[in-house]
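Novice: Sequence first, then the predicted structure, then my questions.
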Amino acid sequence: QHTTMADQVNADITDEREYGAPSALSAACSRQSGAASEGDVCQATKINSATSSASTPAHIDSNVPSLGLISQEDALYKVLAHHVLVLERQLEGVEGFIDFEHAHKYALFDVNGVQLGWALEQEGNWGKTIARQALRDHRPFKFDVVNMQNEILMRIERPLEIVNSHLTVTLPDGRVLGKCEHKWHITQRKYTLYVNDNVKGQNMKEFGNVGGKTPDWEFIIHGTDNGKVIGSVDRDTKGVIRETFTNTGVYVLRMDPKSLKYVVHNQKELGDRSLSLEERAVLLANAISIDFDYYSSIFGGDGNSTF
């Protein structure tokens with residue numbers, strides 16, 4: 001009986017670590033930075049590739065469903081097969097303290113704080129630099145998502161945005177994985193997510209709706225089919241002083257029922273399916289869109305940059 005209880009405790013601890021329980025994220029934080037408060041993800045991700053190698057990589061699920069565009073042989077699979085991803089905006093020099101907009105750069109980590117890669121905005125020429133200063137968060141952009149070997153895994157592109165934004169997610173060969181549409185609302189934060197379920201062409205199928213009230217820090221994805229919760233993007237709010245003076249942001253992406261159970265209070269609202277690899281790629285792009293649309297403004301650290 002004692003052995004069974006010990007095994008169950010160890011299984012629970014492993015489950016919490018792999019699926020991103022807040023206490024487990026705090027533990028990862030302490031390992032990487034030496035000190036952290038409960039739920040403070042932001043310090044956990046302030047690491048580089050050198051310190052990442054000292055951490056144990058999180059488990060990769062070999063049973064994540066695919067719609068056929070991404071396979072286990074693809075390098076992108078090694079990123080998207082994680083049930084929890086942490087995305088952190090990286091500041092360039094004194095960017096957070098002066099009114100100059102650099103190309104955005106995000107570090108991508110697993111739940112244990114091991115860096116998996118980067119999402120890098122293409123800088124372009126001086127014309128693009130001037131456009132970034134003039135258009136700010138409404139600018140068109142192109143992102144390359146790369147792994148630690150600098151292989152391009154996928155691309156995210158957005159045209160000029162005036163009110164609503166529209167992102168397209170593609171593989172390096174140009175095949176479309178899905179799209180993300182932002183719909184401006186005075187009191188709510190709304191997105192519609194689409195995935196391409198046609199391997200040989202394009203057939204955009206709506207799979208989720210993202211909702212959050214202003215100034216919520218949590219964006220919940222409800223499945224189009226039954227309204228159940230199938231994913232979430234949570235913005236860490238612990239580094240309040242840092243975010244008052246800078247526009248860095250940390251986002252926790254949850255894409256599986258076992259990880260979502262830690263943030264969904266009413267378990268009856270929880271869906272029973274894991275997001276496909278293609279849907280996860282769209283959700284990753286959605287997290288970047290959320291940062292641009294609501295949090296990236298130099299003076300928009302309170303989440304009201306759209307206004």
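Specialist: Yep, it's here.

Novice: Which parts of stretch 60-73 count as buried, going by neighbours?
Specialist: Within stretch 60-73, the residues scored as buried using 16 or more other CB atoms under 10 Å are Ile60, Val64, Ser66, Leu67, Leu69, Ile70. To be clear about C-beta, it is placed using only N, CA and C from the backbone, and glycine gets the same treatment.

Novice: residues touching the first one, list them.
Specialist: Under the criterion of CB atoms under 8 Å, 6 or more residues apart in numbering, the neighbours of Ile60 are Lys78, Ala81, His82.

Novice: Leu270: neighbour count?
Specialist: 16 (other CB atoms under 10 Å).

Novice: Same question for Lys268.
Specialist: Lys268 is flanked by 6 other residues according to other CB under 10 Å.

Novice: Now do the SS call for it.
Specialist: Judged by DSSP: H, G, I helix; E, B strand; the rest coil, the three-state class of Lys268 is helix.

Novice: what's around the residue nearest to Asn63 when sequence neighbours are not counted, how many residues?
Specialist: Spatially, and ignoring its direct neighbours in sequence, Asn63 is nearest to Ser274 (8.0 Å; CB to CB, 6 or more residues apart in numbering). Applying other CB under 10 Å, we find 21 residues neighbouring Ser274.

Novice: do you know how far Ser274 is from Leu108?
Specialist: 19 Å (CB to CB, to the nearest Å).

Novice: Could you dump the contacts of Ile60 into CSV and include pLDDT and secondary structure?
Specialist: Formatted as CSV, the contacts of Ile60 follow (pLDDT from 0 to 100; DSSP: H, G, I helix; E, B strand; the rest coil):
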residue, pLDDT, secondary structure
Lys78, 95, helix
Ala81, 96, coil
His82, 95, coil
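
Novice: for the stretch 51-200 of the chain, what spans make up the helices?
Specialist: Ranges of helices within the stretch 51-200 of the chain are 77-80, 126-135, based on DSSP state H, counting those that start in this stretch.

Novice: any idea of the mean pLDDT for the longest one?
Specialist: Just to be clear, that refers to helix 126-135. On average, the pLDDT along helix 126-135 is 55.

Novice: can you check stretch 171-188 too?
Specialist: Mean per-residue pLDDT for stretch 171-188: 86.

Novice: Could I have the CA atoms of it written out in PDB?
Specialist: The C-alpha coordinates for stretch 171-188 follow below in PDB (Å, rounded to 0.1, in the frame of the first residue of the first chain):
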ATOM      1  CA  LEU A 171       5.400  26.100 -43.400                       C
ATOM      2  CA  PRO A 172       8.700  27.200 -44.900                       C
ATOM      3  CA  ASP A 173       7.600  25.700 -48.300                       C
ATOM      4  CA  GLY A 174       4.600  28.000 -48.400                       C
ATOM      5  CA  ARG A 175       1.900  25.500 -47.400                       C
ATOM      6  CA  VAL A 176      -0.700  27.200 -45.200                       C
ATOM      7  CA  LEU A 177      -1.300  25.800 -41.800                       C
ATOM      8  CA  GLY A 178      -4.000  28.200 -40.700                       C
ATOM      9  CA  LYS A 179      -5.100  31.700 -39.900                       C
ATOM     10  CA  CYS A 180      -5.900  33.900 -37.000                       C
ATOM     11  CA  GLU A 181      -8.400  36.800 -37.200                       C
ATOM     12  CA  HIS A 182      -8.700  39.600 -34.500                       C
ATOM     13  CA  LYS A 183     -12.000  41.300 -34.200                       C
ATOM     14  CA  TRP A 184     -12.000  44.500 -32.300                       C
ATOM     15  CA  HIS A 185     -14.500  45.000 -29.600                       C
ATOM     16  CA  ILE A 186     -14.900  47.800 -27.100                       C
ATOM     17  CA  THR A 187     -15.100  45.600 -24.000                       C
ATOM     18  CA  GLN A 188     -13.900  42.200 -25.100                       C
END
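
Novice: What residues does the closest residue in space to Arg158 that isn't next to it in sequence make contact with?
Specialist: Distances taken as CB to CB, 6+ apart put Leu167 closest to Arg158, at 4.9 Å, once the chain neighbours are dropped. By CB under 8 Å, 6+ apart, the contact list for Leu167 reads Ile156, Glu157, Arg158, Lys179, Cys180, Glu181, Ala285, Asn286, Ile288, Ser289.
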